[in-house]
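1. Here you go, sequence then predicted model.
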Amino acid sequence: MSDTLVTKSRFPDPDRAFRMLVEARRGLTPEEAAALDARLVLLLANHIGSEDVLRAAIAAACEAMDAA
């Protein structure tokens, strides 16, 4: 596993991947959706298993929020 954050999509169909995320939240309350998002983040962070990549991902997400 690389310790470098990859930001380019690795999905063969990025739109389908996005739709999967949207569909998982459909019908949930805002609180339930936030809980699902938190669980998903923790599962994927554990799967990555690299503090360096996690740190870079957090920084990239924060920068994107600041730019919005």
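-> Thanks, I have the structure now.

2. Give the residue spans of the protein that score low on pLDDT.
-> Residues of the chain meeting the criterion pLDDT under 70: 1.

3. spatially speaking, which residue is in the middle of it?
-> residue 41 (5.8 Å; CA atoms, centre = their mean).

4. ok, it to residue 61 distance?
-> 10 Å (CB to CB, to the nearest Å). From N, CA and C alone the C-beta is placed, and that goes for glycine too.

5. now swap in residue 54 and tell me
-> To residue 61, residue 54 is 11 Å away according to CB to CB.

6. repeat for residue 21
-> On the measure of CB to CB, residue 21 and residue 61 end up 15 Å apart.

7. What of residue 45?
-> Counting by CB to CB, the gap from residue 45 to residue 61 is 12 Å.

8. higher neighbour count, the two?
-> residue 45 (15 against 11; other CB atoms under 10 Å).

9. Residue 38 sits in which helix or strand?
-> Assigned by DSSP states H and E, residue 38 belongs to helix 30-48.

10. what's that helix packed up against?
-> Other elements packing on helix 30-48 under the criterion 3 or more CB pairs under 8 Å, 6 or more residues apart in numbering; DSSP states H and E are helix 14-25, helix 51-67.

11. which parts of it are buried?
-> Buried positions in helix 30-48, judged by neighbour count with 16 or more other CB atoms under 10 Å: residue 48.

12. could you dump stretch 32-42 to CSV, C-alpha only?
-> C-alpha atoms of stretch 32-42 as CSV (Å, rounded to 0.1, in the frame of the first residue of the first chain):
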residue,chain,number,x,y,z
GLU,A,32,-28.7,9.0,10.2
ALA,A,33,-26.9,10.1,7.1
ALA,A,34,-24.2,11.7,9.2
ALA,A,35,-23.8,8.5,11.2
LEU,A,36,-23.6,6.5,8.0
ASP,A,37,-21.0,8.9,6.6
ALA,A,38,-18.9,8.6,9.9
ARG,A,39,-19.0,4.8,9.8
LEU,A,40,-18.0,4.8,6.2
VAL,A,41,-15.1,7.2,6.8
LEU,A,42,-13.9,5.0,9.7
